[in-house]
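K.L.:
Provide a 3D model corresponding to the input given below.
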Amino acid sequence: MNMLGIENLGAFILTAVIVVITPGVDTIMVLTRSISKGKNSGLYSALGVSLGLLVHTCAATFGLSQILSKSAIAFSIVKYLGAAYLIYLGYRSLTNKSEQIEIKPVANKVTGMKQMFFTALLSDILNPKIALFFLAFLPQFINSKEVNNPVPYLLLGLIIFFITLIWCSFLALTGSNVAKHFNRNKNIENWMNKTSGVVFILLGLKIALTKK
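P.N.:
Predicted coordinates for the structure are as follows:
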């Protein structure tokens, strides 16, 4: 993968999987819609949140690649700021006490598959936390010689897209069963947050301590 400008692909995929399966807004949306409105609603929502990630990928790609191509100093700044942000996210995940959310059918004014899709899409696109995460996360796995090349950014974004689509589609198809399991095991969310926290901190430290 080095010839495509991507470094540490295995670490990227592992981290992406952990990020995606950690319970969050997208997980709750897909599950609640699936058990409230049916599997199709969950699947359209899954497609919406997944495509939203491609929008963030394009924003990071054509924004960062242009900025970083101008200066090696800019590249170093982004790398270290990204590492610091990942460590911060890890610290927050480890120290925050998450409140257990019960996933159950809820009254939803959104009707129609198109509306399900577009509201999920907009929810993801308009989430500033996702935008920040992509800006911090993607450059860490791109070779310094390829920072002005949009291809590696887009490839990494596509990987996250497919991981998210597969996971959220699974949640949509197994909605009620997953929700029951999630509700019964009160420590799942906490355990996943701790795991992602450790991964973020280790990744951030590795980035900060690695000399290019």
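K.L.:
elements contacting the lengthiest helix in the chain?
P.N.:
Counting residues, the longest helix found in the chain (DSSP state H) is helix 39-68. For helix 39-68, the elements it packs on are helix 25-37, helix 72-95, helix 113-125, helix 128-137, helix 150-173, judged by 3 or more C-beta pairs under 8 Å, 6 or more residues apart in numbering; DSSP states H and E. All C-beta atoms are positioned from the backbone trio N, CA, C, and that covers glycine.
K.L.:
so which of those helices comes closest to F12?
P.N.:
For F12, the closest of the helices and strands packed on helix 39-68 is helix 150-173, at 6.4 Å, according to C-beta to C-beta.
K.L.:
circling back: need the winner for burial among the helices and strands packed on helix 39-68.
P.N.:
Most buried of the helices and strands packed on helix 39-68, by mean neighbour count (mean count of other C-beta atoms under 10 Å): helix 25-37, with a mean of 22.
K.L.:
picking that back up, mind putting the helices and strands packed on helix 39-68 into TSV with mean pLDDT?
P.N.:
TSV is the format used below for these (pLDDT from 0 to 100):
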stretch	mean pLDDT
helix 25-37	81
helix 72-95	81
helix 113-125	88
helix 128-137	84
helix 150-173	92
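K.L.:
can you list those helices in JSON lines and add distance to L202?
P.N.:
Listed next are these as JSON lines, based on distance: least, C-beta to C-beta, whole Å:
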{"stretch": "helix 25-37", "distance to L202": "23"}
{"stretch": "helix 72-95", "distance to L202": "8"}
{"stretch": "helix 113-125", "distance to L202": "27"}
{"stretch": "helix 128-137", "distance to L202": "14"}
{"stretch": "helix 150-173", "distance to L202": "19"}
